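Q: Using only what follows, build the 3D model:
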Amino acid sequence: MPADERDDAAHALDRLAAQIAEKIDLVELLALARTAPALDAEPWDAGREISPVGEPQESRPVVAMAGGRAFTFRYARPRSSCVPPAATS
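A: Below is the predicted model of the structure:
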């Protein structure tokens, strides 16, 4: 939710939290989640996948971190884990 773009953001989150508490059994949801098999994958490594600025990209992805009034949300993953230390502009 782009909180800076909605004056009622805090109230909207309170309403959403109340609906979740009323409609979803979080204890059962967690119990169900714990029955899932372990992931058989290696965690993503930004340093391995993204080239620093100025280096050839080949087939590697380009990652952009946007900010400003239109981009008031934040990703749960910190910027430092998405961009290698040498990748600055």
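
Q: Tell me which residues of the helix or strand Arg48 falls within come out buried.
A: Assigned by DSSP states H and E, Arg48 falls within helix 46-49. Of the residues in helix 46-49, those with enough neighbours to count as buried (16 or more other CB atoms under 10 Å) are Ala46. Backbone N, C-alpha and C define where each C-beta goes, glycine included.

Q: Next, Ala41: phi, psi?
A: Torsion angles at Ala41 (phi, psi; degrees, to the nearest 10) stand at phi -150, psi 150.

Q: what's the burial count for it?
A: 6 (other CB atoms under 10 Å).

Q: And it, what's its pLDDT?
A: pLDDT, Ala41: 89.

Q: Tell me which residues touch it, please.
A: With contacts defined as CB atoms under 8 Å, 6 or more residues apart in numbering, Ala41 has no neighbours.

Q: And it, how close does it get to Asp8?
A: In this structure, Ala41 and Asp8 are 39 Å apart, going by CB to CB, to the nearest Å.

Q: Repeat that for Leu30.
A: Distance, Leu30 to Asp8, using CB to CB: 30 Å.

Q: Kindly report the same for Leu39.
A: In this structure, Leu39 and Asp8 are separated by 37 Å, where distance is defined by CB to CB.

Q: can you check Glu49 too?
A: The gap separating Glu49 from Asp8 is 39 Å, by CB to CB.

Q: now do Leu26
A: As defined by CB to CB, Leu26 lies at a distance of 25 Å from Asp8.

Q: Now do stretch 21-38, average pLDDT.
A: Looking at stretch 21-38 alone, the average pLDDT works out to 94.

Q: okay, Asp7: pLDDT?
A: 72.
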